[in-house]
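Undergrad: prediction below, plus the sequence it came from.
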Amino acid sequence: MMCPGPRNLITDVPGLAVGNARDDTLKSGATVLTAEAPFTASVHVMGGAPGTRETDLLAPDKSVAKIDAITLSGGSAYGLDACSGVADALRAAGRGFRLGDAVIPIVPGAIIFDLLNGGDKAWDENPYRALGRAAFEAAGEAFAQGSEGAGTGALAAMQKGGLGSASLRLEDGTTVGALVAANPMGSPTTPGGRHFWAAPFEIDGEFGELGPDPSAGLGRVLESAKMRAMQTRAPERANTTIAIVATDADLTKAQCQRVATAAHDGIARAILPAHSPGDGDLVFALSTGARPLAQPETGLTLIGHAASLCLSRAIARAIHLARPAPGDLLPCWVDQA
């Protein structure tokens, strides 16, 4: 029997910390995940328009074995500079890959497109470096969801997106968690905006306890996809769902990549349609290595499955917890419920 950890957050994985920073005028922000010690990680990209930094080194055949943090940010390409702010803070703390006298923090990251969400983007100096550092300095076991951090200005189909997280504890004591900035082209809710596609995976009313849409079926699936196809011909907007899944099981980079691949099922179950040419959908997967992986085949399969379930729930929680702000272009789920 799998059940959520005590916080129902990715930080239920021992040793992890998450921090948020946001700028309400900008309608954007950054989120940073870090840990007590460097961790193993990989990534899998399935969207057609990703925006990333230092993801090539996460391939199993690349030489860097562990990294220091992962950054999720708004701001499209500008937001990749949030990683620089995190690297600044890590360097100041003496943390990073050591080569002789040099200390080199390794901070992969990914961004969502939120440049056309109604916020003031007329900056003279890129604000994301400062947002990244502020998010790192705020990192802890507890953190806010919804319109926070990288999800501050997220837009999801016809309602606000956001930042979400969820966790599961497996029968053998292994913990799995997910963190997501949900800004998809597709819809996390069925036509009508109330019921979540992720409803079958909800635990303890964590995103409204409305249950599955009673009128759902192939017709509703096709209707949702057709609605999104029509809407993308209207105002131009790029989209992305970017996520991190984590476990305390001891995994290699190759095994982390397999978990990242499996976790994409969580995006496909919670957002319809997903992985479009205009989305930058990707999932980072990380291991703190604190617990042995007793059964490499069946254990890895179960961790990947749990990661996908956590990610579906985290996406729905991101939408459910989004809150209205001045100048919003879209309503929040709470306003439609």
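TA: Nice, thanks for sending it over.
Undergrad: distance from stretch 295-315 to the middle of the chain?
TA: Centroid separation for stretch 295-315 versus its chain: 15 Å, with Cα atoms, centre = their mean, to the nearest Å.
Undergrad: before we move on, what about stretch 158-174?
TA: Distance of stretch 158-174 from its chain centroid, counting by Cα atoms, centre = their mean, is 10 Å.
Undergrad: swap in stretch 171-186?
TA: 7 Å.
Undergrad: list the buried residues of it.
TA: 174-186 (16 or more other Cβ atoms under 10 Å). Backbone N, C-alpha and C define where each C-beta goes, glycine included.
Undergrad: okay, how far is it across it, tip to tip?
TA: End-to-end distance for stretch 171-186, by Cα to Cα, to the nearest Å: 34 Å.
Undergrad: one step back: which of the buried residues of stretch 171-186 fall within helices?
TA: If you go by DSSP state H, the buried residues of stretch 171-186 have nothing in helices.
Undergrad: identify the farthest-apart pair in these.
TA: Farthest apart among those by Cβ to Cβ are 174 and 185. That separation is 33.4 Å.
Undergrad: helix/strand/coil for residue 330?
TA: Assigned by DSSP: H, G, I helix; E, B strand; the rest coil, the conformation of residue 330 is coil.
Undergrad: isn't it right next to residue 155, touching?
TA: Yes. Under the criterion of Cβ atoms under 8 Å, residue 330 makes contact with residue 155 at 5.6 Å.
Undergrad: pLDDT weak spots in the chain?
TA: 216-238, 337 (pLDDT under 70).
Undergrad: all helices of the chain, in order?
TA: 82-92, 128-137, 218-231, 253-270, 296-320, 333-336.
Undergrad: need those in TSV with mean neighbour count, can you?
TA: Below are those laid out as TSV (neighbours: other Cβ atoms under 10 Å):
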stretch	mean neighbour count
helix 82-92	23
helix 128-137	25
helix 218-231	14
helix 253-270	23
helix 296-320	25
helix 333-336	17
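Undergrad: these: which one's closest to residue 282?
TA: Of all those, helix 253-270 comes closest under Cβ to Cβ, at 8.2 Å.
Undergrad: name the helices or strands packed onto that closest one?
TA: strand 28-45, strand 240-249, strand 282-291, helix 296-320 (3 or more Cβ pairs under 8 Å, 6 or more residues apart in numbering; DSSP states H and E).
Undergrad: how much does it deviate in direction from strand 282-291?
TA: Angle of helix 253-270 versus strand 282-291, following axes from the mean of the first three to the mean of the last three Cα atoms, to 10 degrees, is 130 degrees.
Undergrad: between helix 296-320 and helix 253-270, find me the angle.
TA: Using the same axes, to 10 degrees: helix 253-270 against helix 296-320 is 40 degrees.
Undergrad: could I get the CA-only coordinates of helix 253-270 as CSV?
TA: This file holds the C-alpha atoms of helix 253-270, laid out as CSV (Å, rounded to 0.1, in the frame of the first residue of the first chain):
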residue,chain,number,x,y,z
LYS,A,253,22.2,7.9,-13.8
ALA,A,254,20.8,5.4,-16.3
GLN,A,255,18.2,4.3,-13.8
CYS,A,256,17.3,7.9,-13.0
GLN,A,257,16.8,8.4,-16.8
ARG,A,258,14.4,5.4,-16.9
VAL,A,259,12.5,6.9,-13.9
ALA,A,260,12.3,10.3,-15.7
THR,A,261,10.9,8.5,-18.8
ALA,A,262,8.3,6.6,-16.8
ALA,A,263,7.3,9.7,-15.0
HIS,A,264,6.2,11.3,-18.3
ASP,A,265,3.1,9.0,-18.0
GLY,A,266,2.0,11.3,-15.2
ILE,A,267,2.0,14.3,-17.5
ALA,A,268,0.0,12.4,-20.1
ARG,A,269,-2.6,11.2,-17.6
ALA,A,270,-3.1,14.7,-16.1
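Undergrad: closest to residue 44 out of the helices of the chain?
TA: For residue 44, the closest of the helices of the chain is helix 253-270, at 4.0 Å, according to Cβ to Cβ.
Undergrad: quick check: angle from the closest one to strand 28-45?
TA: Interaxial angle, helix 253-270 versus strand 28-45 (the same axes, to 10 degrees): 110 degrees.
Undergrad: now helix 253-270, how far from the centre of its chain.
TA: On Cα atoms, centre = their mean, the centre of helix 253-270 falls 12 Å from that of its chain.
Undergrad: then stretch 23-42?
TA: With Cα atoms, centre = their mean as the basis, stretch 23-42 stands 10 Å off its chain's centre.
Undergrad: which parts of that stretch are buried?
TA: By neighbour count with 16+ other Cβ under 10 Å, stretch 23-42 contains the buried residues 23, 26-35, 38-42.
Undergrad: from those, which two are the most distant?
TA: For those, the maximum inter-member distance is 34.4 Å, found between 27 and 40 (Cβ to Cβ).
Undergrad: which one of the helices of the chain lies closest to residue 285?
TA: helix 253-270 (3.7 Å).
Undergrad: please consider this matter closed, and thank you.
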